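Peer 1: This is the structure alone, sequence omitted:
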């Protein structure tokens, strides 16, 4: 399971100014909100969405159309951990994503059938609409990074490697010549993609190193290499052309330690810390809470 990291902010529609404040009090107040009718109204693709708090800054984002799960989520007799265990076991038609929130950024982890980050952004904007707040929209902004060739070569294991080049690359003509094609025959070919695919559980670091050495930067549209260092449990995508989202890999089979593992990975991700600082600077986000949004962090305001 991959944990992807995002910055978040509330954008004021009239002028595009973005504001960021700690989202956790708002989410906690929503979870405690005693309004079953409204909390039962969030949907995505015809299925119901629920946000449940597991611990400080850690939430389950659940999608389901199973009426039994809906009743259990709404019941005071069922704990969040029990619901999470039930969904992980696949006992009913329900799936949960895992959301870890900090002040200004968050991590989002989901399995194939669980709701994605875009569904969470829509969920937040539906909440603003329900509360009658029309002048702001909630934005999730992926925190992106680009790796260097030196970083890839420093990895202990390298797997599947792919490059995509256009006609500006000298490597394009080299590959065309190998195929035996003429310039006229390749006139309508926009780009070429070359993939090195390892045999099962084999390391192709040397072969990928040759590819890194030969492919020039000019005309390089995409280069993605799966690799891991000596401490990595799983291969991760490293983007050398274009940018990929900052992320960590988590073993989803270790359900009993999933929360602590996500927290640990997020805390130790040095790239993430730099990208969060860079994100606030580049997006010109104000660390403030407009009056109409500030009240959402006040628990006493929600009954009204």
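Peer 2: On my side now, so go ahead. Bear in mind the structure is a predicted one, so any value in this text is a computation, not a measurement. Numbers count the residues shown, from 1 in each chain.

Peer 1: For stretch 213-223, list every residue counted as buried.
Peer 2: By 16 or more other Cβ atoms under 10 Å, the buried positions in stretch 213-223 come out as 215, 219-221, 223. (Glycine included, C-beta is placed from N, CA and C.)

Peer 1: What of stretch 176-185?
Peer 2: Buried positions in stretch 176-185, judged by neighbour count with 16+ other Cβ under 10 Å: residue 176.

Peer 1: Quick check: end-to-end length of that stretch?
Peer 2: 10 Å (Cα to Cα, to the nearest Å).

Peer 1: Go ahead and name everything in contact with it.
Peer 2: 186, 192 (Cβ atoms under 8 Å, 6 or more residues apart in numbering).

Peer 1: ok, now with 7 Å
Peer 2: Applying Cβ atoms under 7 Å, 6 or more residues apart in numbering, the contact partners of stretch 176-185 are residue 186.

Peer 1: With respect to residue 162, which of the buried residues of stretch 213-223 is nearest?
Peer 2: residue 223 (7.2 Å; Cβ to Cβ).

Peer 1: wait, residue 203 sits on residue 158?
Peer 2: Yes - under the criterion of Cβ atoms under 7 Å, residue 203 makes contact with residue 158 at 6.3 Å.

Peer 1: More neighbours: these two, which one.
Peer 2: residue 158 (25 against 16; other Cβ atoms under 10 Å).

Peer 1: for that one, which residues make a bridge with it?
Peer 2: Beta-bridge pairing for residue 158 (DSSP bridges): residue 227.

Peer 1: who's in contact with it?
Peer 2: Counting by Cβ under 7 Å, 6+ apart, residue 158 makes contact with 152, 203-205, 208, 225, 227.

Peer 1: For the residue nearest to residue 276 when sequence neighbours are not counted, give its distance to residue 275.
Peer 2: Distance criterion Cβ to Cβ, 6 or more residues apart in numbering; nearest residue to residue 276, sequence neighbours excluded, is residue 105 at 4.9 Å. Using Cβ to Cβ, to the nearest Å, residue 105 is found at 9 Å from residue 275.

Peer 1: so what sits against both of those two?
Peer 2: Listed contacts common to residue 105 and residue 275 are residue 143; contacts here mean Cβ under 7 Å, 6+ apart.

Peer 1: ok so, going back, which members of the buried residues of stretch 213-223 occur in strands, if any?
Peer 2: 220-221, 223 (DSSP state E).

Peer 1: Closest one of the residues you listed to residue 166?
Peer 2: Scanning those for proximity to residue 166, where the rule is Cβ to Cβ, the winner is residue 221, at 5.7 Å.

Peer 1: Do I have it right that that closest one meets residue 162?
Peer 2: No - counting by Cβ under 7 Å, residue 221 stays clear of residue 162, with 10.9 Å between them.

Peer 1: helix or strand for residue 140, which one?
Peer 2: Applying DSSP states H and E as the criterion places residue 140 in strand 136-142.

Peer 1: what helices or strands is that strand leaning on?
Peer 2: Judged by 3 or more Cβ pairs under 7 Å, 6 or more residues apart in numbering; DSSP states H and E, the packing partners of strand 136-142 are strand 2-12, helix 117-130.

Peer 1: mind listing what the nearest residue to residue 141 once chain neighbours are set aside touches?
Peer 2: Leaving aside its sequence neighbours, residue 141 sits nearest to residue 7 (Cβ to Cβ, 6+ apart; 4.6 Å). The neighbourhood of residue 7, defined by Cβ under 7 Å, 6+ apart, consists of 104-105, 141, 143, 276, 279.

Peer 1: In CSV, list the residues you listed along with distance to residue 129 and neighbour count.
Peer 2: Formatted as CSV, those follow (distance: Cβ to Cβ, whole Å; neighbours: other Cβ atoms under 10 Å):
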residue, distance to residue 129, neighbour count
104, 24, 18
105, 24, 23
141, 21, 16
143, 27, 23
276, 28, 20
279, 26, 23
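
Peer 1: State the mean pLDDT of stretch 121-137.
Peer 2: Across stretch 121-137, the average pLDDT comes to 95.
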